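Student: This is a predicted model, with the sequence first.
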Amino acid sequence: MWNVPCFSKTINMNLKPIVCFLIPLTLISCKLLRLYEEEEIVLKTATTNVQLENNTPLVKVKINGTETNFLFDTGATGSCITDTTIVQNFHKQQFANIGIALGADGKRVKNKKFSVALQSELFDASHKVMGVINLPLLSCQSKRTFSGILGMDIFFENNLNMYLDFSKNQLSNIGEDQIKYLLQQGNYHQVESKFKYKKIFIFLTIEDKKYRFHLDTGYNGSITIPYHNNHQFKNANRREILGASHMTISSVTTGKKISYEKMPVRFGGENISTIVNLSSSISAQNVGTAFMKGFDWIIDYHNQKVYVKRNSNLIAENFERKISFGAQNNSGRLIVSAKDVLQTKYNIGDEIVAIKGQKITVENICEMQTLLNSTEDWNDLELEVKPIQK
């Protein structure tokens, strides 16, 4: 879901002693170049299990010998640490403080670099350059189930290709012979695709119009398109939400979201009915795991081809819940954070002070937030609300 500028490892390192004294800023670049000069990634012809948790794909890795979960993110061009406690003596590491990471909302965050030993069933890297990203955490959000992000920098520009098997929830590095074998089994379709700087784009036809999407397992939703005032679909099965939030690496964004259910999508030789979102707070046009898991994927980096096969996994076509309002803990106050545009009883920013006569306190605010966000009809909750001051 994010992009990190990388320095090419083909730069003539004999020039470093001269270049490094040109300007002070170059000293930072030289430190980063040294990190990349030592980096070595060895891919294995192997398979690892993928744990899908709320459509978030997690894989086991070892970082400096400590086992943990990383988010497998085809939308990330670089890998990073999101929980620095997983690295022993993190504060003593040698850092190159340069670079930025770009979130799906288009915002940039600083991204310092350092080197670790990183291993999994798929690769060995005695020296792997990693970024450090402090992901935003909501007030009532428990600790994340992953300590870092495994990006496409691990897999691109190596001698193997990728097989993402959502039928078995497995991720494999495969060679050309294995690709030929899978294709001979039948039912795979080559889909229109484009490869660009460690990014993979595919094309979907929605309501008879073709759209390009970034393939992004770091996004646990279905299909998202940036919202424009003149961008509307014909489908009448829609909901418009104000204050809808999206978590990115840079912030928790809020804005308008129009969600369409039972949208006709043509992809991989299949006619699919699914959910498509238009978002005013997201600048990236992505297809996420909720859609991707309905297919098994062969990613042929060398020939820049993508093959898919429809599997038995369900691709959601209807909204799971008809929630009319959303609530969020905002510095100890329980606030109406989102609403269906057709709802008029409460406004975004209203404070909920009691539910069925029970006052909101520091001790129960997260429990009450969960109750509100899992209840379709707030009329049943006998809310005491303090209107926002206008």
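Tutor: Nice, I can see it.

Student: distance of the most centrally placed residue in the chain from residue 150?
Tutor: Against the mean C-alpha coordinate of the chain, by C-alpha atoms, centre = their mean, the closest residue is residue 218 at 2.3 Å. Distance of residue 218 to residue 150, given as C-beta to C-beta, to the nearest Å: 10 Å. In short, each C-beta sits where N, CA and C put it, glycine included.

Student: Quickly list what's touching both of these two.
Tutor: In terms of C-beta atoms under 8 Å, 6 or more residues apart in numbering, residue 218 and residue 150 are both contacted by the residues 71, 73, 76.

Student: partner residues bridging the first one?
Tutor: Pointing back at residue 71 there. residue 58, residue 149 (DSSP bridges).

Student: tell me which residues of the helix or strand harbouring residue 67 are tucked away?
Tutor: Assigning secondary structure by DSSP states H and E places residue 67 in strand 66-72. Neighbour-count burial for strand 66-72, counted by 16 or more other C-beta atoms under 10 Å, picks out 68, 69, 70, 71, 72.

Student: Among those, which one sits closest to residue 363?
Tutor: The shortest gap between residue 363 and any of the buried residues of strand 66-72 belongs to residue 69, at 30.3 Å (C-beta to C-beta).

Student: For the closest one, give me its contacts.
Tutor: The contact partners of residue 69, taken as C-beta under 8 Å, 6+ apart, are 51, 58, 59, 60, 61, 145, 146, 147.

Student: Next, the contact list for the fifth one, please.
Tutor: In this case it means residue 61. Applying C-beta under 8 Å, 6+ apart, the residues contacting residue 61 are 67, 68, 69, 70, 118, 119, 120, 148, 150.

Student: how big is the angle separating the host helix or strand of it from strand 66-72?
Tutor: Residue 61 is part of strand 56-63 when elements are defined by DSSP H and E. With axes from the mean of the first three to the mean of the last three C-alpha atoms, to 10 degrees applied, the angle from strand 56-63 to strand 66-72 works out at 140 degrees.

Student: Which residue ranges of the stretch 1-150 of the chain form helices?
Tutor: Ranges of helices within the stretch 1-150 of the chain are 16-19, 24-38, based on DSSP state H, counting those that start in this stretch.

Student: Could you give the average pLDDT over the shortest one?
Tutor: Per-region confidence: helix 16-19 scores 32 on mean pLDDT.

Student: One more: the last one?
Tutor: pLDDT averaged over helix 24-38 equals 61, rounded to a whole number.

Student: Was I right to think residue 153 contacts residue 73?
Tutor: No. Judged on C-beta atoms under 8 Å, residue 153 makes no contact with residue 73 at a distance of 10.7 Å.

Student: So between the two, which is more surrounded?
Tutor: For residue 153 against residue 73, the residue with the higher neighbour count under other C-beta atoms under 10 Å is residue 73, and the figures read 26 against 21.

Student: Please report how far that one lies from residue 258.
Tutor: Relative to residue 258, residue 73 is positioned 26 Å away (criterion: C-beta to C-beta).

Student: same check, this time on residue 36
Tutor: Residue 36 sits 43 Å away from residue 258, taking C-beta to C-beta as the criterion.

Student: what sits against residue 373?
Tutor: For residue 373, the contact set (C-beta under 8 Å, 6+ apart) comprises 323, 326, 327.

Student: try 7 Å
Tutor: 326, 327 (C-beta atoms under 7 Å, 6 or more residues apart in numbering).
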